[in-house]
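Colleague: my questions are about this predicted structure, shown below with the sequence.
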Amino acid sequence: MEIIGKYFLAMSFMLFFLFIWYMVQKLSRKVATEHPEFGKAREEGGGCGGGGKCNCSSIKNCVNSKVKK
């Protein structure tokens, strides 16, 4: 029974942190829509420049200054 209790405790923590991450994302989108002067909210992993590589169709469209050179 002790192992099952630890399992459910670990699963509860994972669900709790997933919920917290969801709420942070939701709050950041809300702030971005209410304050357009700060610019568009960027989603993690989206667009160009992730990890020094350009995932765009053209390097000219890249916002990463390292790749654009």
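Modeller: In hand now; what should we look at?
Colleague: need the longest helix for the chain.
Modeller: helix 2-34 (DSSP state H).
Colleague: tell me which residues of that helix come out buried.
Modeller: In terms of neighbour count (16 or more other Cβ atoms under 10 Å), helix 2-34 has no buried residues at all. Using the backbone N, CA and C atoms, a C-beta is placed for each residue, glycine as well.
Colleague: going forward can the numbers begin at 51, since that is how I track them
Modeller: Let's use 51 as the start, then, which means that last one is helix 52-84.
Colleague: which helices and strands does that helix pack with?
Modeller: Using 3 or more Cβ pairs under 8 Å, 6 or more residues apart in numbering; DSSP states H and E, no helix or strand is in contact with helix 52-84.
Colleague: pLDDT below threshold where in the chain?
Modeller: Low-confidence segments of the chain (pLDDT under 70): 51, 91, 93-119.
Colleague: domains in it, as residue ranges please.
Modeller: Annotated domains of the chain cover 51-88, 93-119 [automatic domain parsing].
Colleague: quick check: Leu65 vs Leu59, distance?
Modeller: Distance of Leu65 to Leu59, given as Cβ to Cβ, to the nearest Å: 11 Å.
Colleague: just Gly89 next, same as before
Modeller: 41 Å.
Colleague: can you check Trp71 too?
Modeller: Taking Cβ to Cβ as the measure, Trp71 falls 19 Å from Leu59.
Colleague: ditto for Ser78
Modeller: Separation of Ser78 from Leu59 (Cβ to Cβ) stands at 29 Å.
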